[in-house]
Each structure stands twice: as C-alpha cells, then as structure tokens.
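Novice: below: sequence and its predicted model.
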Amino acid sequence: MPTQKDSKGSDLAMVRRFAPFLRSYYVQLVAILLTVILLSGVNICLPLLIKSIIDGAFVDRNASLLIWLLAGVAAVYIARNALFFASRSWSVQIGEGLAFDLRRALFEHIQGLGLAFYQKIKPGKLTSRLMGDVANIQEFFRNSLGTMGADALTVGLVMGVMFVFDWRLALVSSAVLPLQIIACHRMRVGIKQTSRAAAEQLSIVHGDLVENFSAAEVVKSFGQEDHEAAVFQKSIELTRQAQISQRVVHVRQKIIADLLIGLGYMVVLGYAGLLLISNSVTWMDYSGTFFLFWMCLGLVYPRVASLISEAGKFQRSLASLERVYEILDVRPTPQETKPLAKLPGIQGEVEFRNVCFSYDGGNKMILENMSFRVPAGKTLVIAGPSGCGKSTLVNLLLRMFDPDSGNILIDGTDCRHIRLDVLRQQIGVAFQECFLFNRSILENIRYARPNASIEEIENAAKKANAHDFITRLRDGYHTVVGEGGEVLSRGERQRITLTRAILIEPKILILDEATASVDPESERAILKAIEPIMQDRTTLLITHRREIIAKAKYLLRMGEGPALAGVRPTYQYLDRSKETPGKTGG
C-alpha cells in the first residue's frame, strides 16, 4: 500500500505528465482564473452589504440608503450568476476538449501497439479506459475545476475580511479548519485506491460483456445461458461491492466535514454568547459584526466542505489518469530501427534464416531454427497440424512480432530494417477468420487502399471471383454486411477478403486456410479465384488440401511442435522445383 508521501509524490508527477494536454487551453484556463477571482470578490460583497444594512439603514432608519444597499444585493446576485455561467461555460469547453484529445491520443497509441498487446488485454477493458476513465477526467475539468478555484479564493478572501473586523472571533471561527484539512489529507489515499479498484472491476465487467456478446452463437449452441448469467451476476456483484466501498469513503468524508462545520458554528455561537453574557460587548454595537461573521461563515464552511468533496473527485480523476497512462506507457512493438529501407521495386523473395520464436520468452518454442527460401513469384505451400505455428509464421513476416533470434528477409533485406508501413503495403493477407466491418462491401474492400477507384475495386473483385455475387445483391457494392459480415455466407466473406488482399497489388500474398470451413461449392469458387491471383506473386499458402500439397513445388511441412507439451517444434522444407529435397531442421 502506498504511503501518504509516496502517493503525494506520484500525484504531482501525474499532474506534471498531464500538463502538455492543457497547453491548448491556456486561454480558457486564464479566463476561468480571472472569473473565479471576480466571483470571489463579488461573494465577499454580500456580507459587507448586509452589515451596512444592519448598522446603517436599520439603525439610522434610512430608507434611501436601504434602497441603494438592496440594489447592491441584487447586483451581487446578478453578477455572481453571470460569472458562474461564464466560468462553467469555459470549464465545459476545457472538459470536452480534453476528453476529445485524450481519447484521440489513446486510440492512436493503441492502434500503434503490436498484436501481443491485444492478446493480453480484453477489448472491454480497453473500452473502459478509453471511455469511462477519460469521462472521469472530463467530469473533473467540466464541473470541479472552476468550483475548486472559486471556493478556495472565496474562503481566503472571506477569512481576510473576518480578521479585519474582529481577529479574535475570526480566530475562533477558523479553529476547525485545520481539522478539516487533516481529515481531507488522511482520506486522500483511501479515495484514490477505492476509485481505482471500482474502475478496474468495472473494466472487467465490460470485458466479460464484450466476450459474451461476441460468443452468443456458442453460448446458445451449448445452452449455457444460465451459466453465463451466473458468471455475470458474480462479476457485477464484485463491481457492486467495489462501488459501495468507493461511495462509503466519499460519504464518510462528507459526514466528517459536516460534523466539523457544526462544531465550528457551535464554537462561534458559544464565543459570541460569552461576550454578550460577560457584557464585553452590547448587542446594539455588535449585531452588525455578528451578522457579518454569520454570513461569512455561511460562505466559508460550505465551501470548505465543497473543497473536500472536490478533492475526492480530484483523487478519482487521478486514479483514472493513472489507468490511462498505463496504456500510453506501453511501448509499441515491434520497434522500428534505423536506417529504414523503402525497398523500391520489390521483387518478393522471402527467406527465413535460423528463425526462433516463442510467446513467453523462450520457455515454449513455437519456431526453432527455421530456415527456408521462396524465390520471387513462386508459391510456398505450408502444411501441418493445428497449433504447430503456421499462423505465427505469417505474423512474423508481417512483423506483428519479431523473432527471438534469426532473420526474416525480403529481397535480401532484413524486415526489421524496412519501414512497417512500406512492408505491409507489399503484403496482401486473407486470414482464415474472414473479418468484415459493419459497413458496406465497398468500404470493406477499400479499407486496404482508401484511394482506390470503383473501377480498380471491381477489377480486384473480378479477379477474386466476387464481382458476380456482389452485383446480384440488391444494393450491390453498397450492401451493408452487418456485424462480422453476417448477411453474407462464409464463402462470400472469404472472397471479399481476397478482393481486399489483392486490391493493393501486393508482391507477396498470404492465404491462411482460404478454403477452411466452407461448403464444396464455395471452396471451388475460392480455389478458382486463387489460382490466377497467385500468378507472378510470391505466395504463402497455408492449407490442408492434399492435392495442393502434392502439387507444391515449394513445401514447408511443420510438425506437432508446441501443440504437444514437451515436444520440440520440427519442420521439413522441400524444394521440388529441381526435384531435390531440402534439409530438415528442428
């Protein structure tokens, strides 16, 4: 558990880290500062006007003075609300702007992170930080920042006025303020910890919800609705407990603040009563001052309580800010190194040279000393059982990960020395999972190349044997495919992903189980589309089809490897172009 000192240090460090986000809002921040200064000055005018009414207009029975002073009271209320409106308007601008900037920075950073990051954290947790935690920060700047500034200045000014009129009564009135500060400071860490715990548990629920909704077909197929309901109930029960713990700390803080305020009023009334009872002052002489102090206390004590409450919200926003920076501090992988090659006129030769890779730092090798070479424009057929590392091999070529050792070369250049965007623009991929966005077919295809013309898209669709079925749809290329492409068959989705892959005219084409899990008719259509696409392109074709494997001139057979505990990964690379077998590694 962090100590008070450690927590304070980390709070200041977090505020300093966040400061660059505020640079775009210096004008609004200065405007808020000036507004709260004016607002504090206006607030102090009210008790002074009341004192003048009692000591002047009431005692002297001066109607003209009373009218002027009442007009002053009205002006105070008008000015106070106008200044409050201006302050809140600028606060809203800052809050909304910061939320926009934070979400944009966070999203862009997440987009730049490697595949390993997405494999470690649930989408719902990311959504929670992107939306929920940023909303907490937004809420503080929108509703609390101006209030805290105005309250702090008002308390300072009012206490100054009180000491000017009667330093002894002012000293008595401020006796409870140190207790308020001590209570606020002692509860600071507890508020931050419970706020963080509640946010973390809520992000877990978000993650579970996304997973459950995505797996609706599986849940219903096995009749596990009741089980999932029980799991969700347990998850939201933990969330409920975390939220209750957070609210209990906030309520406890407010109760302590209110009790100390009550103690302050009692002390002031007791001291004033002693002065009157002991005849140290007379009511006639002291009534104006007493009402002045009573109104001043009405300004000070509630604002002290408000400051304590806002301090709790500040700790909550700091907890959310820490969770945001936990994501922003993740370094993008793989890292780009210099110098970076642009590979003009790429031919497409692919070579793996003694490549080793594991997901856990070497404890469980997925690929071990793998070496093979695919000449430019040729096809390498990759075969092997599930879990042997076929898709991992593809991800390494795309630099979703970097190998633990060894080299992956394109046209003799190490992939780590090629700019990522350049590398991936030269590789077209049709994954086994045919993911489509809930957008039109046109937008899904154009996703690979946003500036592609309709003619180029249609030509690519014709090559992928997709154009005919697309044009038969009621809205053609403008048909919205639904969540995950649900309005299309798997074979149709696969052909659209093929179209997307070849739209960029890649020199290297990766087809990961392009005919897996489709009906025979769709399989024939896909195979018919694949054959011409593979011409004059370096192609890595992952397949289980025996006839394709038998005809392959370049074949990579991958063994059981990491799918079985304690078994080392093996492979066999065959170069049949010269009818000469290659060596076996592993």
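Specialist: Received the coordinates, thanks.

Novice: point out where the stretch 201-350 of the chain drops to low pLDDT.
Specialist: Along the stretch 201-350 of the chain, segments meeting pLDDT under 70 span 214-215, 217-222, 281-286, 336-344.

Novice: can you pull out the helices in it?
Specialist: Assigned by DSSP state H, counting those that start in this stretch, the helices in the stretch 201-350 of the chain fall at 216-221, 225-277, 283-328.

Novice: quick one: the last one to helix 225-277, angle?
Specialist: Taking axes from the mean of the first three to the mean of the last three C-alpha atoms, to 10 degrees, helix 283-328 and helix 225-277 form an angle of 150 degrees between their directions.

Novice: chain center to helix 283-328: distance?
Specialist: 31 Å (C-alpha atoms, centre = their mean, to the nearest Å).

Novice: what's the answer for the longest one, then?
Specialist: Helix 225-277 has its average C-alpha position 30 Å from the chain's average C-alpha position, going by C-alpha atoms, centre = their mean.

Novice: go on, stretch 405-415?
Specialist: 34 Å.

Novice: got the end-to-end distance for it?
Specialist: 13 Å (C-alpha to C-alpha, to the nearest Å).

Novice: returning to that earlier point: between the helices of the stretch 201-350 of the chain, which one is closest to residue 32.
Specialist: helix 283-328 (14.3 Å; C-beta to C-beta). All C-beta spots, glycine's among them, are computed from the backbone N, C-alpha and C.

Novice: show me what the closest one is packed up against.
Specialist: Helix 283-328 sits against helix 4-22, helix 26-52, helix 63-111, helix 134-139, helix 145-165, helix 167-173, helix 177-214, helix 225-277, with contacts defined as 3 or more C-beta pairs under 8 Å, 6 or more residues apart in numbering; DSSP states H and E.

Novice: and these as CSV, adding mean neighbour count?
Specialist: Putting the helices and strands packed on helix 283-328 into CSV (neighbours: other C-beta atoms under 10 Å) gives the following:
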stretch, mean neighbour count
helix 4-22, 13
helix 26-52, 18
helix 63-111, 15
helix 134-139, 20
helix 145-165, 19
helix 167-173, 16
helix 177-214, 18
helix 225-277, 15
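
Novice: any chance of these in a markdown table, with distance to residue 536 too?
Specialist: As requested, the helices and strands packed on helix 283-328 are exported to a markdown table (distance: least, C-beta to C-beta, whole Å):
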| stretch | distance to residue 536 |
| --- | --- |
| helix 4-22 | 50 |
| helix 26-52 | 58 |
| helix 63-111 | 33 |
| helix 134-139 | 49 |
| helix 145-165 | 62 |
| helix 167-173 | 89 |
| helix 177-214 | 39 |
| helix 225-277 | 50 |
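
Novice: which among the ones you listed is found nearest to residue 397?
Specialist: helix 63-111 (20.6 Å).

Novice: which is the next helix or strand following that closest one?
Specialist: helix 115-120 (DSSP states H and E).

Novice: show the subsequent helix or strand relative to that next one.
Specialist: Per DSSP H and E, the helix or strand that comes after helix 115-120 is helix 123-127.

Novice: so which of the helices and strands packed on helix 283-328 is nearest residue 300?
Specialist: Among the helices and strands packed on helix 283-328, helix 145-165 sits nearest to residue 300 (C-beta to C-beta), with 5.3 Å.

Novice: which other helices and strands contact the closest one?
Specialist: Using 3+ C-beta pairs under 8 Å, 6+ apart: helix 145-165 touches helix 26-52, helix 63-111, helix 167-173, helix 283-328.

Novice: export the ones you listed to TSV and tack on distance to residue 254?
Specialist: Shown next, in TSV, are the helices and strands packed on helix 145-165 (distance: least, C-beta to C-beta, whole Å):
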stretch	distance to residue 254
helix 26-52	22
helix 63-111	22
helix 167-173	21
helix 283-328	6
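
Novice: so which of those helices gets nearest residue 143?
Specialist: helix 63-111 (7.0 Å).

Novice: got the angle for that closest one vs helix 145-165?
Specialist: 140 degrees.

Novice: related to what we said a few turns ago, residue 185 is nearest to which of the helices of the stretch 201-350 of the chain?
Specialist: Minimum separation from residue 185 across these (C-beta to C-beta) falls at helix 283-328, 8.9 Å.

Novice: which neighbouring elements make contact with the very next helix or strand once past the closest one?
Specialist: Remark: after helix 283-328, the chain's next helix or strand is strand 350-358, criterion DSSP H and E. Where contact means 3+ C-beta pairs under 8 Å, 6+ apart, strand 350-358 is packed against strand 365-374, helix 390-397, strand 405-410.

Novice: one more pass at 10 Å, please.
Specialist: Contacting strand 350-358 under the criterion 3 or more C-beta pairs under 10 Å, 6 or more residues apart in numbering; DSSP states H and E are the following elements: strand 365-374, helix 390-397, strand 405-410, strand 538-542, strand 580-585.

Novice: let's have those in JSON lines, adding mean pLDDT and mean neighbour count.
Specialist: Output for these, formatted as JSON lines (pLDDT from 0 to 100; neighbours: other C-beta atoms under 10 Å):
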{"stretch": "strand 365-374", "mean pLDDT": "88", "mean neighbour count": "21"}
{"stretch": "helix 390-397", "mean pLDDT": "89", "mean neighbour count": "21"}
{"stretch": "strand 405-410", "mean pLDDT": "92", "mean neighbour count": "18"}
{"stretch": "strand 538-542", "mean pLDDT": "89", "mean neighbour count": "24"}
{"stretch": "strand 580-585", "mean pLDDT": "42", "mean neighbour count": "12"}
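
Novice: quick revisit: of the helices and strands packed on helix 283-328, which is nearest residue 350?
Specialist: Closest approach to residue 350 among the helices and strands packed on helix 283-328 (C-beta to C-beta): helix 63-111, 26.5 Å.

Novice: ok now the closest one, how far from the chain's centre?
Specialist: Between the centre of helix 63-111 and the centre of its host chain there is 28 Å, according to C-alpha atoms, centre = their mean.

Novice: let me see the domain layout of the chain.
Specialist: 19-328, 350-585 (automatic domain parsing).

Novice: how about a markdown table for the helices and strands packed on strand 350-358, with distance to residue 122 added?
Specialist: Below are the helices and strands packed on strand 350-358 laid out as a markdown table (distance: least, C-beta to C-beta, whole Å):
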| stretch | distance to residue 122 |
| --- | --- |
| strand 365-374 | 23 |
| helix 390-397 | 20 |
| strand 405-410 | 30 |
| strand 538-542 | 27 |
| strand 580-585 | 37 |
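
Novice: nearest to residue 74, of these?
Specialist: Shortest separation from residue 74 across the helices and strands packed on strand 350-358 is recorded for helix 390-397, at 71.8 Å, computed as C-beta to C-beta.

Novice: name the helices or strands packed onto the closest one?
Specialist: Judged by 3+ C-beta pairs under 10 Å, 6+ apart, helix 390-397 is in contact with strand 350-358, strand 365-374, strand 379-383, strand 405-410, strand 427-430, strand 508-512, strand 538-542, strand 554-558.

Novice: now that helix: how far from the chain's centre is it?
Specialist: 28 Å.

Novice: repeat for stretch 489-503
Specialist: Distance of stretch 489-503 from the chain centroid (C-alpha atoms, centre = their mean) equals 31 Å.
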